[in-house]
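In: no FASTA, just this:
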């Protein structure tokens, strides 16, 4: 069985208790500064969102109706707080992507959506609206009158080959020479 979180009256911090759900999450305390994260707050309250799935390391819910881009538009998040893809652990990312696939298959099976767009903004300069890693799974149909592909290109220029720079950085990352989050 999973675990859910309850607030300790004595300390004001959060701790885990067993429940009948499959949901588990390491919940931040007020001292950690994460209690202002709207998605972390949603994870604490089973009735606070229109939940599609709650798994041990990832959860999925519908956005507010005023924010929905299409019928079935779903947000998928890791249950462990990470402000973006740079901070998320590998296992958290794998669980999140596995749930994204399940949501995508469910959209095809139930709503007849033959495709999906995955949208995510992560980190400064990306227009990220909530500082908790999240992916929008937007169902798509032929001729649905909607486009999600950017219509402009970045003005940023680099002098070296981006492919070479990235390949070198990934080799250094794999060797442990570049800081980042893994695992």
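Out: That came in fine, so what should we check first? Keep in mind the model is a prediction, meaning the values are calculated, not measured.

In: what about the nearest residue to residue 119 once chain neighbours are set aside, which SS state?
Out: Nearest in space to residue 119, with sequence neighbours left out and distances taken as C-beta to C-beta, 6 or more residues apart in numbering, is residue 136 at 4.1 Å. The C-beta positions use only the backbone N, C-alpha and C, and glycine is treated the same way. With DSSP: H, G, I helix; E, B strand; the rest coil as the basis, residue 136 sits in strand.

In: quick one: contacts for residue 136?
Out: Neighbouring residues of residue 136 by C-beta atoms under 8 Å, 6 or more residues apart in numbering: 63, 69, 73-75, 117-120.

In: Repeat that for residue 135.
Out: 75-77, 96, 100, 118-120.

In: what's the spacing between the residue positioned nearest the centre of the chain and residue 158?
Out: The centroid of the chain falls nearest to residue 134 when counting by C-alpha atoms, centre = their mean (2.4 Å). Taken as C-beta to C-beta, to the nearest Å, the spacing of residue 134 relative to residue 158 amounts to 28 Å.

In: I'd like to know how many residues surround residue 61.
Out: By the criterion of other C-beta atoms under 10 Å, residue 61 has 19 neighbours.

In: Now, of the contacts of residue 135, which are buried?
Out: 75-77, 96, 100, 120 (16 or more other C-beta atoms under 10 Å).

In: thinking again about what came up before, is it possible to get a markdown table of the contacts of residue 135 that adds pLDDT?
Out: Formatted as a markdown table, the contacts of residue 135 follow (pLDDT from 0 to 100):
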| residue | pLDDT |
| --- | --- |
| 75 | 97 |
| 76 | 98 |
| 77 | 97 |
| 96 | 98 |
| 100 | 98 |
| 118 | 97 |
| 119 | 96 |
| 120 | 96 |
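
In: Need the residues you listed in CSV (columns: secondary structure and distance to residue 88).
Out: Shown next, in CSV, are the contacts of residue 135 (DSSP: H, G, I helix; E, B strand; the rest coil; distance: C-beta to C-beta, whole Å):
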residue, secondary structure, distance to residue 88
75, strand, 15
76, strand, 12
77, strand, 10
96, helix, 8
100, helix, 13
118, strand, 15
119, strand, 16
120, coil, 11
